[in-house]
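Visitor: Have a look at this prediction, sequence included:
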Amino acid sequence: MNSKSQKTIDVIIPIFNGYTFLNSCLDSVIKHFDNDARLILIDDSSNDPRIQVCLEHYKQQANFPVLIYQNKQNQGFVKTVNQGMQLSDQNDVILLNSDTIVTKNWIGKLRKAAYSKENVATVTPLSNNATIFSVPEFGKANQLPEGYDIDTFAELIENTTLRLYPEVPTGHGFCLYIKRTSLNLLGFFDEIYGLGCEEENDFCMRVISHSLCNIMADDTFIYHVGKASYQDENRDKAEQVNRDKLLTKYPFYLDLIRYYQENRPRQIWDNIKAQIYELRVGIDGRCLNQNISGTQRYLLELLKAYTEQVSSLQLDLLISNGCQEHIINLLNKYEIVSFPNLLEESQLDQEIGELGWDIFHITFQGISLTDIVTIRPYAKRLVNTWQDFILFRNPSYFAKFREFENYRFNCRILLRSMDGIIAISDYVKQDILNGNLLDSKRIKRIYHGITKNNECIKNQNLEENIVINMGLMPQHYLLFVGNDFLHKNLEATVTIFKTILNQGYDYQLVIVSNTVQNGGVIPEIQQTLKEDITIKDKVIFLNNISDEALKHLYQNAGVLLYLSNAEGFGLPPLEAFFNNCPVIASKLTSIPEVVGEAATCFHPGEIEKIASEAVRLIENPSDRDRAIQQGKERLKQFDWLKTAQETKDFYYYLLRLPPNSQHNLPALHLNSQKLISIQSQLEQTQLELNQAYSEIEGMKSSKFWKMREIWFQIKSWLKLTKSK
């Protein structure tokens, strides 16, 4: 700390009656004073005889210097404060109202804030009732939160503070630290404000006008009753008179305050409220359609963990209009007993309104910018879980290149506008950072979990033991699980299987996959297999099977081949580990990060090596058992409860950061698109007008036009003759 900060500090309390409040104030001051400070009590000719006795009593109780001054005549608040600052001589001062209650380490914390920067002139702490310094609700006279007293609430603020020490336009007279150097430069309070009100604002305007600064000590809380010290029957009238005087001197004052209110460091208030209230979290459930894939599974598992095992969250699930029955059935199937509040899109204004969500979490990729713009006003922070950049890099999955361009552009805007991004692997996180798409402090890697009970959606039309029903040979078939995007390398998987058959092994290949609209390879593979009688009966295609059926396929497979070129995470290997199935995996992108040492990893193009490894795991029981045990160990790293808890912690972390300064990017882009459309329409209209003008000019040179002109001349002449 700067050596100047070790100077004696004078705490100045101007007093005019208010006996009860004064007692409470001095009790707290005696309890929480600083050995390097001195207390100056100035009685401004109170007419309550108890005041003098009270001051002498506390002077006797104090183990630090206490100076008491009695004004023979009432000077008013401003002159009394100036008197105290003059008596203080060369010391820094803290002006303290007599209707306050101070808290532990308050002097030391204010002093530390004051000397955090050399250009600081004044410091004001937080309070329950101090306009722009009020917490937990900004700008209001707050009651203490339920379950807290003054000391415990002050302790909470100190323990969870951000210590931003933000610059503020003005201070507040309930407790104002002023450096002596600032008093030397700027002088004392302007005594035109008489009884008081606006004098501290006037001083702070001088501070700003001299390019010094006022700051907030966001680690310090002092209780303030408000308008209870220096009571005077003419105070209300004086407030308006003094406000007029202030605005005459500083006409920009109200605009400056308004600007601060709109641009204040909201994370201070968001963080405090997050510590004392349940977070209200909105989760986007509009992806919960009839098809349940990894994206939907992630959302459902997160909901299950939140509602059953994670506390301090008030959950709203935003769903499409008219989908309540479908969503309820889906939640029941996933045994989510404690439902979140289901909220249809049409209910946003009615149910959320101005209160808003602390966090709104979009758990899927590909939300439209229009939806982002719609949601943004209802949420303090927006969070998006980002799965991968596969579509971002691959135009073959789009019907038109323009769609690919738009997708990439929208992804960039979305990522740059988010308050926080959850990357499902370190690989995905690094991808975001490499593209300079978001500040690293706003990105958190949180792994998916693995469903441990496997008791989710069951298809009653499928016999439980699918292995027997389909004539599969237990532990002698290769398993592929995933859709048939080109990058999944299903064709390479079939080639590996052919290689194994050519070596004389009698295995089967089970492909559990759905065909995608653009880029799917199953139809082509099936056509090729029809022409190869040596293999076609040994390859089984399955789609839309239940979780229960998939469990049995894993448990009886010889090995899972997971040879994708690109993944953001990859759940099938973990599902295989859980169901005692060895895994051979790709060593590309995120997959090695997920499987660790529990799977043998190859480049998908190493066909012969992969074929040999598959045979080894199937034909050697000891190698197979070792691989299964390694998979079990690896699973300990992945748990949905851990995922949910880390996600919740990330919510709290984001509330300690300011909202993303680029949060309006989606709206700006959409507005620019509208302007471009309008401009295009105007240009088209101008072209049409120009064409019409050219046509008219062409008509003027025609015989018809000349005859028309002659006719109008004759008509005009006839009309003139008739009138005469």
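Guide: In hand now; what should we look at? Since we're looking at a predicted model, the values are computed, not measured.
Visitor: neighbours of Gly294, just the number please.
Guide: The local packing of Gly294 (other C-beta atoms under 10 Å) involves 18 other residues. C-beta: built from backbone N, CA, C; applies to glycine.
Visitor: my bad, should have said Leu343
Guide: Counted with other C-beta under 10 Å, the neighbours of Leu343 add up to 20.
Visitor: swap in Leu574?
Guide: Taking other C-beta under 10 Å as the criterion, the count of residues near Leu574 is 24.
Visitor: Against which helices or strands is the helix or strand where it lies packed?
Guide: Assigned by DSSP states H and E, Leu574 belongs to helix 572-578. Applying 3 or more C-beta pairs under 8 Å, 6 or more residues apart in numbering; DSSP states H and E, one finds that helix 572-578 contacts strand 477-481, helix 547-556, strand 559-562, strand 583-586, helix 591-595, helix 621-635.
Visitor: switch the cut-off to 7 Å
Guide: Judged by 3 or more C-beta pairs under 7 Å, 6 or more residues apart in numbering; DSSP states H and E, the packing partners of helix 572-578 are strand 559-562, strand 583-586, helix 591-595, helix 621-635.
Visitor: among those, which is nearest Tyr505?
Guide: Closest approach to Tyr505 among those is made by strand 559-562 (12.1 Å; C-beta to C-beta).
Visitor: quick one: strands adjacent to the closest one?
Guide: The pairing partners recorded for strand 559-562 under DSSP bridges are strand 477-481 (parallel), strand 583-586 (parallel).
Visitor: Could I get these in CSV, plus columns for mean neighbour count and mean pLDDT?
Guide: Output for the strands paired with strand 559-562, formatted as CSV (neighbours: other C-beta atoms under 10 Å; pLDDT from 0 to 100):
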stretch, mean neighbour count, mean pLDDT
strand 477-481, 24, 97
strand 583-586, 28, 98
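Visitor: just to revisit the earlier point, off-centre distance for the helix holding Leu574?
Guide: Put simply, helix 572-578 sits 32 Å off its chain's centre (C-alpha atoms, centre = their mean, to the nearest Å).
Visitor: So Phe398 is in contact with Asn518, correct?
Guide: Yes. Between Phe398 and Asn518 there is a contact under C-beta atoms under 7 Å: 6.4 Å.
Visitor: looking at it, Met216 is touching Val168, isn't it?
Guide: Yes. Counting by C-beta under 7 Å, Met216 touches Val168, with 5.0 Å between them.
Visitor: Need the overlap of contacts for these two.
Guide: With contacts defined as C-beta atoms under 7 Å, 6 or more residues apart in numbering, the residues adjacent to both Met216 and Val168 are Thr124.
Visitor: can you tell me how far Ile466 sits from Cys581?
Guide: Using C-beta to C-beta, to the nearest Å, one gets 14 Å for the distance from Ile466 to Cys581.
Visitor: do Ala141 as well
Guide: 64 Å.
Visitor: out of these two, which sits in the more crowded spot?
Guide: Using other C-beta under 10 Å as the criterion, Ala141 and Cys581 rank with Cys581 on top: 26 against 15.
Visitor: so which helix or strand takes in that one?
Guide: Assignment of secondary structure by DSSP H and E places Cys581 within no helix or strand.
Visitor: about what we covered before: relative to Ala113, which of the helices and strands packed on helix 572-578 is closest?
Guide: Checking the helices and strands packed on helix 572-578 against Ala113 by C-beta to C-beta gives helix 591-595 as the closest, at 43.5 Å.
Visitor: what lines up beside the following helix or strand past the closest one in the sheet?
Guide: Downstream of helix 591-595, the next assigned helix or strand under DSSP H and E is strand 600-602. Paired with strand 600-602 in the same sheet, following DSSP bridges, are strand 583-586 (parallel).
Visitor: which residues sit against the strand it pairs with?
Guide: 559-565, 573, 576-577, 591, 595, 599-602, 604, 610, 613-614, 631.
Visitor: Switch the helices and strands packed on helix 572-578 over to JSON lines; also include distance to Val373.
Guide: Formatted as JSON lines, these follow (distance: least, C-beta to C-beta, whole Å):
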{"stretch": "strand 559-562", "distance to Val373": "38"}
{"stretch": "strand 583-586", "distance to Val373": "38"}
{"stretch": "helix 591-595", "distance to Val373": "34"}
{"stretch": "helix 621-635", "distance to Val373": "41"}
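Visitor: Which among the ones you listed is found nearest to Asp484?
Guide: For Asp484, the closest of these is strand 559-562, at 13.9 Å, according to C-beta to C-beta.
Visitor: Can I get the closest one as CSV, trimmed to CA atoms?
Guide: C-alpha atoms of strand 559-562 as CSV (Å, rounded to 0.1, in the frame of the first residue of the first chain):
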residue,chain,number,x,y,z
VAL,A,559,-15.6,-54.2,-30.3
LEU,A,560,-17.0,-50.7,-31.0
LEU,A,561,-15.4,-49.0,-34.0
TYR,A,562,-15.5,-45.2,-33.5
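Visitor: Now do the buried residues in it.
Guide: Neighbour-count burial for strand 559-562, counted by 16 or more other C-beta atoms under 10 Å, picks out 559-562.
Visitor: Report pLDDT for Ser513.
Guide: Ser513 is assigned a pLDDT of 92 by the prediction.
Visitor: what do you get for Arg626?
Guide: For Arg626, the pLDDT comes out at 97.
Visitor: so how far is Pro582 from it?
Guide: The spacing between Arg626 and Pro582, counted by C-beta to C-beta, is 9 Å.
Visitor: In terms of neighbours, single out the busier of the two.
Guide: Pro582 (27 against 13).
Visitor: That one reaches Val559, doesn't it?
Guide: Yes. The pair Pro582 and Val559 passes the contact test of C-beta under 7 Å, sitting 4.9 Å apart.
Visitor: list the residues that contact both of the two?
Guide: When contacts are counted by C-beta under 7 Å, 6+ apart, Pro582 and Val559 are jointly contacted by Leu617.
Visitor: now the helix or strand harbouring Phe704: mean pLDDT?
Guide: Using DSSP H and E, the element containing Phe704 is helix 703-723. Mean per-residue pLDDT for helix 703-723: 76.
Visitor: Output it as CSV, nothing but the C-alphas.
Guide: Extracted C-alpha coordinates of helix 703-723, given in CSV (Å, rounded to 0.1, in the frame of the first residue of the first chain):
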residue,chain,number,x,y,z
LYS,A,703,-46.4,10.4,-84.1
PHE,A,704,-49.1,9.6,-81.5
TRP,A,705,-47.6,11.9,-79.0
LYS,A,706,-47.3,14.8,-81.6
MET,A,707,-51.0,14.2,-82.5
ARG,A,708,-51.8,14.3,-78.8
GLU,A,709,-50.0,17.6,-78.4
ILE,A,710,-51.8,19.1,-81.4
TRP,A,711,-55.2,17.9,-80.0
PHE,A,712,-54.5,19.6,-76.7
GLN,A,713,-53.6,22.8,-78.5
ILE,A,714,-56.8,22.7,-80.5
LYS,A,715,-58.9,21.9,-77.4
SER,A,716,-57.3,24.8,-75.6
TRP,A,717,-58.0,27.1,-78.6
LEU,A,718,-61.7,25.9,-78.8
LYS,A,719,-62.2,26.5,-75.1
LEU,A,720,-60.7,30.0,-75.3
THR,A,721,-62.9,30.8,-78.4
LYS,A,722,-66.0,29.6,-76.6
SER,A,723,-65.3,31.7,-73.5
